[in-house]
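Q: missing the sequence, but the structure's below:
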């Protein structure tokens, strides 16, 4: 069976414009291609492609040199993706609070696309991971790169491997969310809908329930 082309909207740093899997790049802030933000985006994309080689990316650049941005920049990116929807919208970032307009944009996006967001394992819950309809993912030490967990907890529904592939400096919830976006994309390339793919990931998880920490 021929794999369906699944599009992933990566809201992050800049991907290389000559990347074969890149459909389009939209810069919502000044892009620095050799920056830590670019390294972060490349690592996340490589991690997703490990699971779903047929995936293709639309890159919304919201990080300039460092991994920091403002809500107005994220809102501009969301507006663009709502005008030109993708299959999966990936968000490895978080705000302590969200302006009402931003929360509304995320709610609209979650109704039209699979929105995957990183959720830190500790500390305050952040936006967008804590919003209704968002697929929140945190790192789970039990998981190998090709494994995932169905946590079903307030902080996150899913867990995944906490290290990006090919770059040991990118780890934690950002990397876990990228693994999960790739796992989701892999199922959608077979023709499954978003909801059917999520149900498959829920029922076939390698681990169920929260990770138990001995400390």
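A: On my side now, so go ahead. Because the structure is predicted, anything quoted here is derived from the model rather than measured. Numbering: from 1, shown residues only.

Q: Pull out the buried residues from stretch 26-35.
A: Judged by neighbour count using 16 or more other Cβ atoms under 10 Å, the buried positions of stretch 26-35 are 26, 28-29, 31-32, 35. For the C-beta atoms, the positions are set from N, CA and C on the backbone; glycine is no exception.

Q: Which one of those residues is nearest to residue 54?
A: Nearest to residue 54 out of the buried residues of stretch 26-35 is residue 26 (Cβ to Cβ; 22.1 Å).

Q: Now do the SS call for the closest one.
A: Of the three states, residue 26 takes strand according to DSSP: H, G, I helix; E, B strand; the rest coil.

Q: List the contacts of it.
A: By Cβ atoms under 8 Å, 6 or more residues apart in numbering, residue 26 lies in contact with 58-61, 77, 80.

Q: swap in residue 46?
A: Neighbouring residues of residue 46 by Cβ under 8 Å, 6+ apart: 164-167.

Q: pLDDT-wise, what's the bottom of the buried residues of stretch 26-35?
A: Across these, the bottom pLDDT score, 87, is held by residue 31.

Q: roughly how far apart are residue 34 and residue 15?
A: For residue 34, the distance to residue 15 equals 13 Å [Cβ to Cβ, to the nearest Å].

Q: pretty sure residue 117 is touching residue 125, no?
A: No: between residue 117 and residue 125 there is no contact under Cβ atoms under 8 Å: 10.9 Å.

Q: Would you point out which residue is most central in this protein?
A: Nearest residue to the geometric centre of the chain (Cα atoms, centre = their mean): residue 90, 3.0 Å.

Q: all helices of the chain, in order?
A: For the chain, applying DSSP state H gives helices covering 36-51, 71-83, 100-112, 173-188, 194-203.

Q: Can you check which of the ones you listed gets nearest to residue 121?
A: Proximity to residue 121, assessed across the helices of the chain by Cβ to Cβ, is greatest for helix 173-188 (7.0 Å).

Q: Let me see the mean pLDDT of that closest one.
A: Rounded mean pLDDT across helix 173-188 is 98.

Q: ditto for stretch 198-206
A: Stretch 198-206 shows a mean pLDDT of 98.

Q: just use 42 as the starting number from now, easier for me
A: Let's use 42 as the start, then, which means that last one is stretch 239-247.

Q: Let me know how buried residue 204 is, in neighbour terms.
A: 18 (other Cβ atoms under 10 Å).

Q: Please list all residues in contact with it.
A: Counting by Cβ under 8 Å, 6+ apart, residue 204 touches 186, 211-212, 216.

Q: That one pairs with what?
A: Beta-bridge partners of residue 204, counted by DSSP bridges, are residue 212.

Q: Next one, pLDDT for it please.
A: Listed pLDDT for residue 204 reads 97.

Q: Once you drop chain neighbours, what's closest to the residue nearest to the centre of the chain?
A: Once flanking residues are discounted, residue 131 sits nearest to residue 222: 4.7 Å by Cβ to Cβ, 6 or more residues apart in numbering.

Q: likewise residue 220?
A: The shortest distance from residue 220 to any non-neighbouring residue, by Cβ to Cβ, 6+ apart, is to residue 201 (4.0 Å).

Q: show me the contacts for the one you found.
A: The contact partners of residue 201, taken as Cβ under 8 Å, 6+ apart, are 178, 180-181, 184, 188-190, 217-218, 220-221, 224.

Q: In space, what's closest to residue 184 - neighbours in sequence excluded?
A: Spatial nearest neighbour of residue 184, excluding adjacent residues (Cβ to Cβ, 6+ apart): residue 202 at 4.6 Å.
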